[in-house]
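A.B. asks: Any chance you could fold what I've pasted below:
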Amino acid sequence: LWGPPVSTAGAKVTEKTALSLPAVWRPVNLIAGPIGSLPLPAYRSEGEVRQPATGWASDLLDSPHDDLTQMELLELIMAHCLLWWNAYLLKVYDASGMRPELGGRKVQKLVPIHPGRVKPGRTKNGTSGGQKIYKIDGDKVGYTDLEILHIPGFGFDGVAGLYAIRLARESLGRVLAAEE
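C.D. replies: Next up, the predicted model:
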């Protein structure tokens, strides 16, 4: 299941090749597009009442990335969740603000990371399971939840979602092989 992306029918099955199939492309497009277009306002609680928020959290949601609009980023996140059952965003901090453990900095931007580049895991820490850690492009040093926003899909280990296309490799491979 987690080996090379070649099905027994001989077709290479990756998230990219699966998108060439209308049965994959259309549902991803039909789900990711509308969800990306939904508003994502920030709120704060005042007792039992929820009020629209202002400040850095609202600014981050309004303009989460220098090159992507809120809609484009949400659509990309949703596509990553649908195809890889995981989305990863690098938190870019500024020099002032909210996180005491990071020198008082706050999140300024969110940069999407292709899920195929990230290997999630845990540090070894006795019986507690350790801290979640994310290695990007095989880096020796991993990132923690302070640096990565991880949106996992369905999974069994509490670390990462299962890879949807890999789970459907054989059936998608038969379709791709028939098209060749």
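A.B. asks: Angles on the backbone of residue 55, please.
C.D. replies: Residue 55 has phi and psi values of phi 110, psi -160 when expressed as degrees, to the nearest 10.
A.B. asks: pLDDT score for the residue lying closest to residue 23 once chain neighbours are set aside?
C.D. replies: Ranked by Cβ to Cβ, 6 or more residues apart in numbering and with sequence neighbours excluded, the top spatial neighbour of residue 23 is residue 175, at 7.4 Å. Every C-beta, even on glycine, is put in place using the N, C-alpha and C of the backbone. On pLDDT, residue 175 comes in at 77.
A.B. asks: host element of residue 175?
C.D. replies: Under DSSP states H and E, the secondary-structure element containing residue 175 is helix 169-179.
A.B. asks: Buried residues, that helix. List them.
C.D. replies: Using 16 or more other Cβ atoms under 10 Å as the test for burial, helix 169-179 gives 169, 172-176.
A.B. asks: circling back: and the gap between the residue nearest to residue 23 and residue 18?
C.D. replies: To residue 18, residue 175 is 9 Å away according to Cβ to Cβ, to the nearest Å.
A.B. asks: Helix, strand or coil: sort out residue 156 for me.
C.D. replies: The three-state label given to residue 156 by DSSP: H, G, I helix; E, B strand; the rest coil is coil.
A.B. asks: likewise residue 87?
C.D. replies: strand.
A.B. asks: and residue 165, what does it touch?
C.D. replies: Shown in contact with residue 165 (Cβ atoms under 8 Å, 6 or more residues apart in numbering): 13-15, 18, 24, 83-84, 172.
A.B. asks: Looking at the buried residues of helix 169-179, point me to the pair that's furthest apart.
C.D. replies: With Cβ to Cβ as the measure, no two of these lie farther apart than 169 and 175, at 11.0 Å.
A.B. asks: Any idea which helix or strand in this protein has the lowest mean pLDDT?
C.D. replies: Lowest by mean pLDDT, DSSP states H and E among the helices and strands of the chain is helix 164-167, with a mean of 69.
A.B. asks: Next, the residue lying farthest from the centre of the chain: phi, psi?
C.D. replies: Distance to the chain centre peaks in the chain at residue 47, reaching 32.0 Å (criterion: Cα atoms, centre = their mean). Per-residue torsions, residue 47: phi 70, psi -120 (degrees, to the nearest 10).
A.B. asks: The one 3 residues further on too?
C.D. replies: The phi and psi torsions at residue 50 (degrees, to the nearest 10) take the values phi -100, psi 130.
A.B. asks: Residue 155 now?
C.D. replies: Torsion angles, degrees, to the nearest 10, at residue 155: phi -160, psi 180.
A.B. asks: Same check on residue 108?
C.D. replies: phi -100, psi -40.
A.B. asks: Touching, it and residue 92? I think so.
C.D. replies: Yes: the pair residue 108 / residue 92 is scored as a contact, 5.3 Å apart, by Cβ atoms under 8 Å.
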